[in-house]
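Trainee: Prediction below, plus the sequence it came from.
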Protein chains: 2
Amino acid sequence: MLSKKTKYGLKALTYLARAEGKEPVQIAEIAKHENISQKFLESILLTLRRNGFLGSKKGKGGGYYLIKEPKEIHMTTVMRVLEGPIAMVPCVSLNFYEKCDDCPDEDSCSVHKLMLQVRDSALEVYRNNTLADLL
Amino acid sequence: MLSKKTKYGLKALTYLARAEGKEPVQIAEIAKHENISQKFLESILLTLRRNGFLGSKKGKGGGYYLIKEPKEIHMTTVMRVLEGPIAMVPCVSLNFYEKCDDCPDEDSCSVHKLMLQVRDSALEVYRNNTLADLL
DNA sequence: TATTATCCTATCATTTTACTAGGGTTTTCA
DNA sequence: TGAAAACCCTAGTAAAATGATAGGATAATA
């Protein structure tokens, strides 16, 4: 299941992309429009800022804004930051690889075989989508 | 993340497929070979039996066995039984559809748009794989 | 009838998730 | 200059899911 964190993060990014070129957008405004708990959204926007997706401005008239063009924001990176590994098992993860404790041989493991395909198909989707594609 | 339940279930099915044609296989044997907690595996095999994948025999010489040919066991059904919905959000689920509380309009929802593609790509993989393909 | 092995329910510890609390800090603007 | 606006940051917490265990009931076999 997609976590709410990721879901809300994607919605916030979309909202900001639609408001692009204008003034910074306040957390409260996004939270209200997208029906998200404001405090929770605050923490999500914070991680998006720390990971280079958003800029922010403090004080009155402040808020958040995209620091890249929507077409430069790839879903692979968004998903990895918000949701974590794209692979469903660590032993097929490109960026978070880990060997299974139990499994002695990956090559003969049926789970490995299947999840490799699932990972590749998900990656293809994420690679083919930027924020601009979701507007 | 793939749950251990699904992972172990897949491994058990694979094990049984490789032992096909022979006598029923005992839980203990599968648990040992695949490094799975026996009691946990017991409950998994039980749900696989209840969902029509396995047959069982009690008493001495008993155990579990496949009741279909490996090539008749599709990953879509296995995944749905063990892991639940294939979709990452209920609003794009074919078999477990649910409307989102927050989202007023699915057609304009960026999350919906993206997750629809992810679901389709995962489905394609699962549809193209039977248990026989994983051996 | 003793042994083997599945069947079944309940419980439990751990982890993750989704969220809340409660301030601190910076900027703006009257 | 000072009050209000808005982001910054850490910590905590309730609920749910997960992974596993306990303990016996039932059925088949020899």
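Mentor: Received, thanks.
Trainee: which bits of chain A sit near chain B?
Mentor: Neighbours of chain B within chain A, by C-beta under 8 Å from any C-beta of the partner chain: A:1-2, A:7, A:10-11, A:13-14, A:34-36, A:75, A:85, A:88-89, A:101-103, A:109-111, A:113-115, A:117-118, A:121-122, A:124-126, A:128-129, A:134-135. For every residue, glycine as well, the C-beta is placed using N, CA and C.
Trainee: Can you flag the buried ones in those?
Mentor: With burial judged by 16 or more other C-beta atoms under 10 Å in any protein chain shown, the buried subset of the residues of chain A next to chain B is A:2, A:7, A:10-11, A:13-14, A:34, A:36, A:75, A:85, A:88-89, A:103, A:109-111, A:113-115, A:117-118, A:121-122, A:125-126, A:129, A:134.
Trainee: which SS state does the closest residue to DNA strand C within chain A fall under?
Mentor: Going by C-beta to the nearest atom of the strand, DNA strand C is nearest to residue A:59 of chain A, at 2.7 Å. What DSSP: H, G, I helix; E, B strand; the rest coil gives for residue A:59 is coil.
Trainee: any idea of the pLDDT on it?
Mentor: At residue A:59, the model reports a pLDDT of 91.
Trainee: what do you get for residue A:20?
Mentor: 78.
Trainee: Show me what the lengthiest helix in chain A is in contact with.
Mentor: Once chain A is assigned using DSSP state H, the helix that runs over the most residues is helix A:110-127. Outside helix A:110-127, the residues within contact range by C-beta atoms under 8 Å, 6 or more residues apart in numbering or on different chains are A:74-76, A:79, A:86-89, A:91-94, A:103, A:106, B:2, B:7, B:10-11, B:13-14, B:75, B:114, B:117-118, B:121-122, B:124-126, B:128-129, B:131, B:134-135.
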